[in-house]
Structure formats: structure tokens, C-alpha cells
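Asks: no sequence on hand, only this structure:
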DNA sequence: CAAGGTTTTTGAGAGAGCTTAACTTTGCAG
DNA sequence: CTGCAAAGTTAAGCTCTCTCAAAAACCTTG
């Protein structure tokens, strides 16, 4: 039996590892105790404790002071949780009409419901969705991410370049609501009009009609596919 | 914050109290520690412990050796859990195509998901169902059971009497599958052909075509409405 | 390359919920 | 009405996960 707590740690470590892939990674040091504690809003000693347990159970490698990495087994579990989380999010938004900023906490609970049959049926009934309401890829039953799209951050696009928003670097409620206020959603076409050296902000045209100025931080978290 | 464990105890006590209503009840003694321990498959000391906690929190009255009763507050919580449980069961059967004997364990997990909004939306989206897949009534948002049907156990019906199956006294997986094997489901019309003194069994006609002999125990757990 | 600051681990301990064992109360049968 | 079995409670102790405090390791910087 895997506890909810363990599932959460595995998911957290997985996501921190994913994040590192994006950045230039000196991944000799694994995911640090502190990073995990931060993300899980808990204390470092809890994390140390858990890392020992995870490595005992074969779900993570762990050497004192060296951080941690998930093993194949650990990654399997983490991906499975993520699959459930994202499928439930699709359900909440598409069937129950929740908004994209309202589903995280609920999916966080639903992801721990244990029933392989339930997940399979949910997946099939939803039509095997490939992405959740925030554009994050949903792994298939085998744990394979099927996202072949080459995404480019708005931050890295040149003046005149255009693309369609398909993903977000940050899916926090506050960021999602901030995007709402700009009427930016997945599928929105965004064209870079001008980039400002001053603060890294970007002037864009959204859906070929609204002129907006987005901060550097917003731009960095908008992931588009470009033609 | 109410723990899952507490929710389960409240639900359990509620259901034991409900059960007593059916029987002639010398309810001076409340629900006994032993009855709770049995139903929850735990030990009596765990129950004693929990009863003390429930009464501290104002959800149950409890005097040592005298058993327990839910308070109004406690009953409110229990009914709310039951509402969630039964709504999820409807979802699982009607939307995901589970069979009626497959949903209990899953609903047992889903019932603890906390989000009033979720429950309301689920309820509306399912069309405010009044009964779960086993015929048990689903309380409304205010906790009111809207089941006005006068149900009669097959056990108490006379030769020649007929009715439609609308409820079950036992909703265990094994009983449900046993009914499946007789092709008896909610909505099945049952006519008593003959009653046997010998073992209390009953010969019936189901849907006016299949002649079946049902044991006394089965008969007692079939609840019908009669014209 | 050492001193100091930061990060991590260890240790002690708390609370929830569980178990077994021992003790107490209850209430029924004779 | 008494004695005894059944039922219930208390006690002690286990696991899990968390916290705070203190010690240890690490690493950066002068």
C-alpha cells in the first residue's frame, strides 16, 4: 500500500526533475531536500525522513547531502499519479464545467483514489485526452507522454514571430486568473509585435486583434507552437 | 478539518442507527461499541477512543458503557458523506458503465473528497438523482432524504401479492452478484407464488415469467413497492 | 584554505489511529 | 441476588508523518 504522502513526494520529485530538464542541468546533485520542502510546504526534516524511506522502498536513489533521483519504479508511480490528476482535471472542466483555475485542489484529492479500472474507464469515457486543461500532457496507460509538440516560450520569440498558445510553464491559480484577465487561453494566437530591452516585457497581438504588453515573467511562462 | 477516519465512524454510526429504526428499538442503549467495531472491522478499543473524540467534538453523545448516538451536527456530517457516496455511485454506474456490485469500494474513496462545489455540480450534472444504483435514497443538499416510497420486504408479503423491487436491505457485493445470477434487478416485478413454512423460503415469479425460489434471507433483503 | 553562512541531517517528541493485553462494568442465568 | 461470561474501557505500545532544536556537512568567499 502506497500512502497519499508517499505519492505526493514522488509526484513532487518527478516534477522537479522535469523542470530541470528544461534548464541547463548540472544534475550530478539530485533534487535537493530544500527544493522538495519548499514545493511541498513542509520542513526539511520531513523530507530527509521520506527520502530515506523512498530509497529503502526502491523508488528513489538517495545519498545523504547529495539530493535524490527517482528510480524507474518511482517514476512509474509518479507518472501514474500525474495521469490520474490530469484526467480528473479534464473531467472537472469538460464535464462539470469548472474553470481551469478551479480544478487543481480537487484533482489533488482525486488523484489518490485507487482503482486501475476507474482510471481506464475515465480515460476511455473522456476520449483518451492527450492534454489537460492547462495544456499539460497526459501520459497513456503505460506511462508514455505522447506530447510531440515542440514548444517555444514567448520569451524566446522574435519580433514578428507568431504562434498558438498550447502550454504553460506555471499553472498556479493566480497565473491562470491573470491570463483570464488578458483573455488569453489555450489556443490563443499570439504575435510578437515588439520586445523591450528595459524590463524584458513583450508587446503582442492576441488573436490578431488585442494589443497587450506582457511582463517578462508572463512571457516566459507562455509556451507556443510556431509554424 | 475532519479526518477520513472520523467521517467513516460517523457514517457507520448513522447507518447502524438507521437500521435500528427498522427494527423494534429499545434505543435507550445507543449504538454499541461492539456493533461499530464489527461493521468497521476494527477493534473495540479503537472505537472507545473514537467515541470519546466524537463526543468531545460534539458529534455524538457518549457515556461509558451506554453506547452512542449521533448529535444533530454529527448526523449532518454523516448524511453529507452518504450523499457524496451515493452520487459517486450513480456517476460510476451511469456514466462509466460500472456494474452495481463494483462501485462500493471506489465510492468509499470518492466520498471523502472535499469540495462543496464539486458535489453540487456533480449532483446537478447527474440530474439530481434521488436513488443510487442499489435503490438507496440520496439526500438533497440540505440533508433531507426525499424517499417517500413505502417499501415492504418480500419476507412480509402474502401469496399472490406482487410488487416492484426498489430497494435492498443488504448491498454487499456478494448479495448483489447473487441477485444478478437470478436476473433480479431494481425494477424487477416480483409476484409471490407460494411461501414455505419449512425454511421461510418463497417461490416467486419474476417479471411474470421466471419461477424462482428465494431463501428467507434473500426475501428479507428485497424491498418492494406494492400497488 | 579556512571561516562563516547555508543546507541537511539527527534527535526528540507530538498527535492520530491502530493493536494486544489487562482490567472493569454490565447484565443475564441460575 | 449472586456469580460469571460477555462487552467495554484503560493502558501500553506501534507506525506514520509531522514539527522544532541542535548538530553536522557542505560550499562560498575573502
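Replies: Looks like it arrived, so ask away. These numbers come from a predicted model, not from an experiment. Numbers count the residues shown, from 1 in each chain, chains lettered A, B, ... in the order given.
Asks: and the most centrally placed residue in chain A, what does it touch?
Replies: Centroid-nearest residue in chain A: residue A:136, 5.8 Å away (criterion: Cα atoms, centre = their mean). For residue A:136, the contact set (Cβ atoms under 8 Å, 6 or more residues apart in numbering or on different chains) comprises A:86, A:167, A:168, A:171. Every residue, glycine included, has its C-beta placed from N, CA and C.
Asks: just the ones of the residues you listed in helices?
Replies: residue A:86 (DSSP state H).
Asks: most surrounded residue in the contacts of residue A:136?
Replies: residue A:86 (23 neighbours; other Cβ atoms under 10 Å in any protein chain shown).
Asks: which residues touch it?
Replies: With contact taken as Cβ under 8 Å, 6+ apart, residue A:86 is in contact with A:107, A:131, A:132, A:136, A:137, A:138.
Asks: which one of the residues you listed sits closest to DNA strand D?
Replies: Lowest distance from DNA strand D to these (Cβ to the nearest atom of the strand) belongs to residue A:107, with 18.5 Å.
Asks: let's verify that closest one: helix, strand, or coil?
Replies: helix (DSSP: H, G, I helix; E, B strand; the rest coil).
Asks: before we move on, back to that, do you know how far the residue nearest to the centre of chain A is from chain B?
Replies: Between residue A:136 and chain B the distance is 21 Å, computed by Cβ to the nearest Cβ, to the nearest Å.
Asks: now swap in residue A:151 and tell me
Replies: The spacing between residue A:151 and chain B, counted by Cβ to the nearest Cβ, is 31 Å.
Asks: for that residue, which non-adjacent residue is closest in space?
Replies: Of all residues not flanking residue A:151 in the chain, residue A:223 sits nearest, at 4.1 Å (Cβ to Cβ, 6 or more residues apart in numbering or on different chains).
Asks: okay, the nearest residue to residue A:149 once chain neighbours are set aside: pLDDT?
Replies: Leaving aside its chain neighbours, residue A:149 sits nearest to residue A:225 (5.3 Å; criterion: Cβ to Cβ, 6+ apart). At residue A:225, the model reports a pLDDT of 97.
Asks: burial of residue A:225, as a residue count?
Replies: 13.
Asks: sorry, back to before: tell me the contacts of the residue nearest to residue A:151?
Replies: With contact set as Cβ under 8 Å, 6+ apart, residue A:223 has these partners: A:135, A:151, A:152, A:153, A:154, A:165, A:166, A:167, A:168, A:169.
Asks: try it again with 6 Å
Replies: Residues in contact with residue A:223 (Cβ atoms under 6 Å, 6 or more residues apart in numbering or on different chains) are A:151, A:153, A:167.
Asks: gap between the residue nearest to residue A:85 when sequence neighbours are not counted and residue A:67?
Replies: Nearest non-adjacent residue to residue A:85, counting by Cβ to Cβ, 6+ apart: residue A:111, 4.0 Å away. Residue A:111 sits at a distance of 25 Å from residue A:67 (criterion: Cβ to Cβ, to the nearest Å).
Asks: wait, a strand at residue A:224?
Replies: Yes: assigned with three-state DSSP, residue A:224 falls within a strand.
Asks: residue A:162 is in contact with that one, correct?
Replies: No: between residue A:224 and residue A:162 there is no contact under Cβ atoms under 6 Å: 8.3 Å.
Asks: which one's more surrounded, the two?
Replies: The neighbour count for residue A:224 versus residue A:162, taken as other Cβ under 10 Å, is higher for residue A:224 (23 against 15).
Asks: any idea how far chain B is from that one?
Replies: Residue A:224 sits 32 Å away from chain B, going by Cβ to the nearest Cβ.
Asks: next, see if the helix or strand hosting residue A:73 gets close to DNA strand D.
Replies: Assigned by DSSP states H and E, residue A:73 falls within helix A:72-90. No: Helix A:72-90 lies out of reach of DNA strand D by Cβ under 7 Å from any atom of the strand, never closer than 13.3 Å.
Asks: that helix: which residues count as buried?
Replies: Residues of helix A:72-90 classed as buried under the neighbour-count rule (16 or more other Cβ atoms under 10 Å in any protein chain shown) are A:74-75, A:77-90.
Asks: now do stretch A:183-193
Replies: For stretch A:183-193, by 16+ other Cβ under 10 Å, it's A:184, A:188, A:190, A:191, A:192.
Asks: make JSON lines out of those and add distance to chain B.
Replies: What follows is the buried residues of stretch A:183-193, written out as JSON lines (distance: Cβ to the nearest Cβ, whole Å):
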{"residue": "A:184", "distance to chain B": "24"}
{"residue": "A:188", "distance to chain B": "26"}
{"residue": "A:190", "distance to chain B": "31"}
{"residue": "A:191", "distance to chain B": "37"}
{"residue": "A:192", "distance to chain B": "38"}
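Asks: show me the helices in chain A, by range?
Replies: Residue ranges of the helices in chain A, as given by DSSP H, are A:4-22, A:33-40, A:44-56, A:72-90, A:104-110, A:116-125, A:173-181, A:216-220.
Asks: out of the ones you listed, the one nearest residue B:211 is which?
Replies: Residue B:211 sits nearest to helix A:116-125 of all the helices of chain A, at 35.5 Å, using Cβ to Cβ.
Asks: for the closest one, give the mean pLDDT please.
Replies: The model assigns helix A:116-125 a mean pLDDT of 98.
Asks: what's the angle from it to helix A:72-90?
Replies: Using axes from the mean of the first three to the mean of the last three Cα atoms, to 10 degrees, one finds that helix A:116-125 and helix A:72-90 are set 50 degrees apart in direction.
Asks: for helix A:116-125, name the packing helices and strands.
Replies: Contacts defined by 3 or more Cβ pairs under 6 Å, 6 or more residues apart in numbering or on different chains; DSSP states H and E place helix A:116-125 against helix A:72-90.
Asks: go through the contacts of residue A:136 and flag which are in strands.
Replies: Among the contacts of residue A:136, the members found in strands (DSSP state E) are A:167, A:168.
Asks: what is the nearest of the contacts of residue A:136 to chain B?
Replies: For these, the residue nearest chain B by Cβ to the nearest Cβ is residue A:86; the value is 16.4 Å.
Asks: any idea how far residue A:130 is from that closest one?
Replies: For residue A:86, the distance to residue A:130 equals 10 Å [Cβ to Cβ].
Asks: shared neighbours of those two, anything?
Replies: residue A:138.
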